[in-house]
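Undergrad: Pasting the sequence and the predicted model now:
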Amino acid sequence: GIQVEQSPPDLILQEGANSTLRCNFSDSVNNLQWFHQNPWGQLINLFYIPSGTKQNGRLSATTVATERYSLLYISSSQTTDSGVYFCATGGSNYKLTFGKGTLLTVNP
Amino acid sequence: NAGVMQNPRHLVRRRGQEARLRCSPMKGHSHVYWYRQLPEEGLKFMVYLQKENIIDESGMPKERFSAEFPKEGPSILRIQQVVRGDSAAYFCASSPPSIYEQYFGPGTRLTVT
């Protein structure tokens, strides 16, 4: 099956800093999603981005499908951005395979 | 449009009891997926269902676990004779037909004592 690797595994920032999270995948994809798991355990959909670039407020994402990676950018980070960020893809089907996540801690 | 709903949000069961987890997909979504998040294993696919059909259950444990999505009502994930190793967060997701993007519910946290 498809392999999904995320980096870095952990990231500590001061409030206001910017960050880039990376997701590498091992095969061509028809779907790729980014999620934020907040400290209460809820999975929040951030982006559905099998290719191209999208922006939503302080967050943006880019997927370069031909090179098999996706990036999530967080600008002007806030303490509420803390949590685990997951990348997930189903390759060419519907079964999402999740990476191990990036644990982000934003300090005031 | 309400999101994916799961209940209960927290469930405590003693070893040997049955656990029933319910998932109501978003309006207009006829595809339901269940995932499990174990503490040291991350999020894993369990089963994919459409109304009255199990499409793919390749991620389901062979015993004690079953899932259904009836014509009317929510999807149910059933775990019989629970063991401590079943303690995990169980997430349901839904999507419309022919759309890859999945929308996740808040999860049910199962604790087996």
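TA: Sure, I can see it. Residues are numbered from 1 along each chain as shown, chains lettered A, B, ... in the order given.
Undergrad: Surely A:Gly90 and A:Ser28 touch.
TA: No: look at A:Gly90 against A:Ser28 with C-beta atoms under 8 Å: they stay out of range, at 11.2 Å. C-betas here are computed from N, CA, C, even on glycine.
Undergrad: what sits against the residue in chain A that chain B sits nearest to?
TA: Chain B sits closest to A:Asn31 of chain A, with a gap of 3.5 Å, by C-beta to the nearest C-beta. Residues counted as contacts of A:Asn31 (C-beta atoms under 8 Å, 6 or more residues apart in numbering or on different chains) are A:48, A:50, A:89-90, A:94, A:96, B:100-101.
Undergrad: Show me what from chain A comes close to chain B.
TA: By C-beta under 8 Å from any C-beta of the partner chain, the part of chain A that sits against chain B consists of A:30-31, A:33, A:35, A:41-43, A:45, A:48, A:50, A:86, A:88, A:90, A:94-101.
Undergrad: Downstream of the longest strand seen in chain A, the next helix or strand is which one?
TA: As assigned by DSSP state E, the longest strand anywhere in chain A is strand A:83-91. The helix or strand immediately downstream of strand A:83-91 is strand A:97-98, counting by DSSP states H and E.
Undergrad: Got the phi and psi for residue 25?
TA: By default, I'm working from chain A. With angles defined as degrees, to the nearest 10, A:Phe25 sits at phi -130, psi 160.
Undergrad: meant chain B actually
TA: phi -70, psi 170.
Undergrad: quick one: it from chain A, how far?
TA: 14 Å (C-beta to the nearest C-beta, to the nearest Å).
Undergrad: Go ahead and confirm that residue touches B:Trp34.
TA: No: assessed by C-beta under 8 Å, B:Pro25 is found out of contact with B:Trp34, at 11.5 Å.
Undergrad: Nothing else from me, thank you.
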